[in-house]
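In: Quick one, what's the 3D model for this:
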Amino acid sequence: MESSQKLYETCYMRVYSYVMTLAGAKDLAEEITQETFFRAIRARESFRGDSELLTWLCAIARNLFHDEMRRYARQGYGNSAGRSAADSIEEIPDPSAGPMEIAADKEDSFRIHRILHAMEEPCKEVFELRCFGELSFRQIGSIFGKTENWARVTCHRARIKLQERMEKT
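Out: As a prediction, this is how the structure comes out:
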């Protein structure tokens with residue numbers, strides 16, 4: 001396994017991006033990402049090399065996120081620390097677009113995130129990992145303990161559901 005510093009430098013942004021797709025809140029994503037690296041470094045001897053290092057880190061992060069959500073639920077807080085992914089996305093408008101195009105893009109983006117927020121698991125998480133986390137289907141399958149083909153099919157189903165729901169609204 002790489003040195004702790006090298007591991008952190010090479011994987012931090014990808015793990016953080018993945019956690020942001022789950023958490024939707026910057027502070028929570030940073031906290032979970034830090035804890036992910038802390039635990040990975042502490043348990044580096046348990047990494048068997050059966051998967052890529054990034055996949056192992058994302059699995060740790062996913063488990064930490066779900067633990068955190070269970071803790072929030074027990075304490076009576078809302079999901080994702082009271083914020084959704086749509087609340088945390090910073091939209092940067094295309095400078096060449098006019099005000100009408102910018103408004104339409106923002107509205108479409110908001111609709112997509114509302115639909116994703118309501119989508120059932122695992123479709124929602126697989127779609128977010130692929131589109132926002134930029135993970136490969138092989139990595140996504142590994143995180144879920146499934147095959148690359150399962151990840152492809154699940155992502156395809158999520159896209160179809162998203163398109164169908166976009167047409168309805």
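
In: From here on, just use CA atoms for contacts and neighbour counts.
Out: Will do.

In: My understanding was that residue 148 contacts residue 140; is that so?
Out: Yes: contact status for residue 148 versus residue 140: in contact at 7.3 Å, counting by Cα atoms under 8 Å.

In: Looking at the two, which one has more neighbours?
Out: residue 140 (27 against 17; other Cα atoms under 10 Å).

In: Beyond the strand or helix carrying the more buried one, next helix or strand please.
Out: Per DSSP states H and E: residue 140 is located in helix 137-144. Of the helices and strands lying after helix 137-144 in sequence (DSSP H and E), the nearest is helix 148-168.

In: Can you give me the neighbour number for residue 160?
Out: Residue 160 has 12 nearby residues by other Cα under 10 Å.

In: mind checking pLDDT for it?
Out: Per-residue confidence (pLDDT) for residue 160: 85.

In: if we can go back for a sec, the helix holding residue 140 vs helix 148-168, what angle?
Out: 100 degrees (axes from the mean of the first three to the mean of the last three Cα atoms, to 10 degrees).

In: Quick one: list the elements packing against helix 137-144.
Out: Secondary-structure packing of helix 137-144 (3 or more Cα pairs under 8 Å, 6 or more residues apart in numbering; DSSP states H and E): helix 53-74, helix 123-131, helix 148-168.

In: need the ones you listed in CSV with distance to residue 116, can you?
Out: Formatted as CSV, the helices and strands packed on helix 137-144 follow (distance: least, Cα to Cα, whole Å):
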stretch, distance to residue 116
helix 53-74, 18
helix 123-131, 6
helix 148-168, 7
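
In: out of the ones you listed, deepest packed?
Out: Across the helices and strands packed on helix 137-144, averaging neighbours per residue (mean count of other Cα atoms under 10 Å) puts helix 123-131 on top, at a mean of 22.

In: contacting residues around residue 65?
Out: Each residue near residue 65 by Cα atoms under 8 Å, 6 or more residues apart in numbering is listed here: 19, 22-23, 32.

In: what's the farthest-apart pair in the residues you listed?
Out: 22 and 32 (10.5 Å; Cα to Cα).

In: if I look at residue 109, how far off is residue 63?
Out: Counting by Cα to Cα, to the nearest Å, the separation of residue 109 from residue 63 is 28 Å.

In: Need the phi and psi values for residue 121.
Out: Backbone geometry at residue 121, expressed as degrees, to the nearest 10, gives phi -80, psi 150.

In: And for it, the neighbour number?
Out: By other Cα under 10 Å, 12 other residues sit near residue 121.

In: Okay then, goodbye and thanks.
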